Structures are given as structure tokens and as C-alpha cells.
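Q: how does the following fold in three dimensions:
(one chain, ligands or ions: 1)
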Amino acid sequence: MESIVLFGPPGAGKGTQAQRIMDSTGLPQVSTGDMLRAAVAAGTTTGIEAKKFMDAGKLVPDEVIIALICDRIQDPDATNGVMFDGFPRTIPQAEALSKITEVSHVIAIDVPDERIVERICGRYTCGNCSSVYHDTFNPTTKDGFCDNCDSTEFKRRADDNADTVLSRLSAYHEQTSPLAKWYIERGIFHQIDGDRAIDEITTDILSALK
Ligand code: AMP
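A: Predicted coordinates:
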């Protein structure tokens, strides 16, 4: 099985692009952030442990994340590979991943720090189908209705606020960006300019995946 990794800072547009890549490749999206938020909402031991790190904008410990992923890739829909979104975020996570699945492409969506805060602070998702929107840059076409499923329920993430964004950005620069070199050395790293229209970014990603 061959998998794809979506790599980039918080707010780079990984979730938005993941939905489009999923439509075109059929690979299921595996977002460790979504899995952790589900664990927090369900009040599991993992959720309770993870919440303190997430609220502070820090990375959840590697062993918690690696255990989640090892479980998830046993699911039947993962047999032909998956699209990882927000994982791996550290070298130990990448090493663990290399032992359990082959990664064919790392798609790095590049957005400058100064654009990240405005992107994160205005974003919201559909409470039914998780489509991602932004107050200014990507609003719903019909006010109050999800473009994809017509739901009127929307959510904003607890950690999408200006204070936490700065910690999340430093975690990205200190712990995650060193992974770029790790994947460049393996010849599978594709850098995409993420500071453009959503459709242009999708086109570039899909051609990198060919
Ligand atoms: P995300 O939805 O990917 O922005 O993740 C939200 C939060 O979940 C992050 O700020 C981290 O606290 C935690 N998290 C998600 N994925 C990981 C990961 N691969 N490693 C460590 N922490 C993670």
C-alpha cells in the first residue's frame, strides 16, 4: 500500500485540499487532529490526555499519536493507502510511519507565517460533513448553508484563536519543519505554493501526484 502525506503549517489549507484529493484519488483522509478532537469529545483517556496539549497549542506526545495511527491503518478502508493530514509532525512519528506503510508523495503546502493568523482566525467547518470554510477567503456560497450538504450547523475549533496559533506555529517551526529535510533526502517531497486560489493549489497537487 502507498500513502500520501499532506505537510505544512497550521492553516495552510491541508484540510481543504484533503477533501479535494480524496474526491480525485479515492484515498481516505486520516487527520490526527480530527481523531484527537473526536477523542476529546468522547471523553476517552486519550482525549483527556491530549486536550491539555491541544489547548496550549503544543504537540501531543509521539507515543499517543503513533498508537492512534497504528490502530487506524488496520481499518479495511486503509488497505490501499491513505492520505495523512497533520501526521507525521515529528521525526520519531515519520520513523514510526516508515515501518508501517510506504509513503509515495509528501505534499508540502507552503504559506508564510504572516498569512497564517488571519487564515486560522476566520475559519469554520460544517458540523455535518466537515467541509472547511473561511469568513473572508472561502465563505459558503449561500449564506448559512453548507455548499456540500446543505447543513446549517457550523463549528469553530477551540484552538483557532490568535493566542494558540502562535504556539502552534512555533511547534511547527521547531518540531515539524525539520521533517522537510528528512523527506527531501528520500526524494518524495513536493513543495506547493499555498498562498494562491484554492483551485490553483489543487491543480498543482494533483499534477504532483501523477
Ligand atoms: P490539527 O487539526 O492538525 O491542526 O491538530 C490540532 C492539534 O492536535 C495540534 O495543535 C496538536 O496539539 C494535536 N495534533 C494533531 N496531530 C498531531 C500530531 N501528528 N502530533 C502531535 N500532535 C498532533
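
Q: in this protein, which residue sits nearest the ligand?
A: The ligand sits closest to Gly33 of the chain, with a gap of 1.9 Å, by Cβ to the nearest ligand atom. Glycine gets a C-beta too; all of them are placed from N, C-alpha and C.

Q: what ranges in the protein fall below the confidence cut-off?
A: Residue ranges of the chain with pLDDT under 70: 1.

Q: for the longest strand along it, list the C-alpha coordinates in CSV.
A: Ranked by residue count, the top strand of the chain under DSSP state E comes out as strand 102-110. In CSV, the C-alpha atoms belonging to strand 102-110 read as follows (Å, rounded to 0.1, in the frame of the first residue of the first chain):
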residue,chain,number,x,y,z
GLU,A,102,5.1,3.1,2.2
VAL,A,103,4.8,6.9,1.6
SER,A,104,4.9,7.8,-2.1
HIS,A,105,4.4,11.6,-2.0
VAL,A,106,4.8,14.3,0.6
ILE,A,107,2.8,17.3,-0.5
ALA,A,108,4.1,20.4,1.4
ILE,A,109,1.7,23.3,1.3
ASP,A,110,3.8,26.5,1.9
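
Q: run the chain-centre distance for the next helix or strand after it.
A: Counting by DSSP states H and E, the element after strand 102-110 in chain order, helix or strand, is helix 113-121. Averaging C-alpha positions (Cα atoms, centre = their mean, to the nearest Å) puts helix 113-121 15 Å from its chain's average.

Q: stretch 39-52 too?
A: Using Cα atoms, centre = their mean, the offset of stretch 39-52 from its chain centre is 19 Å.

Q: what's around the residue of the chain closest to the ligand, how many residues?
A: 18 (other Cβ atoms under 10 Å).
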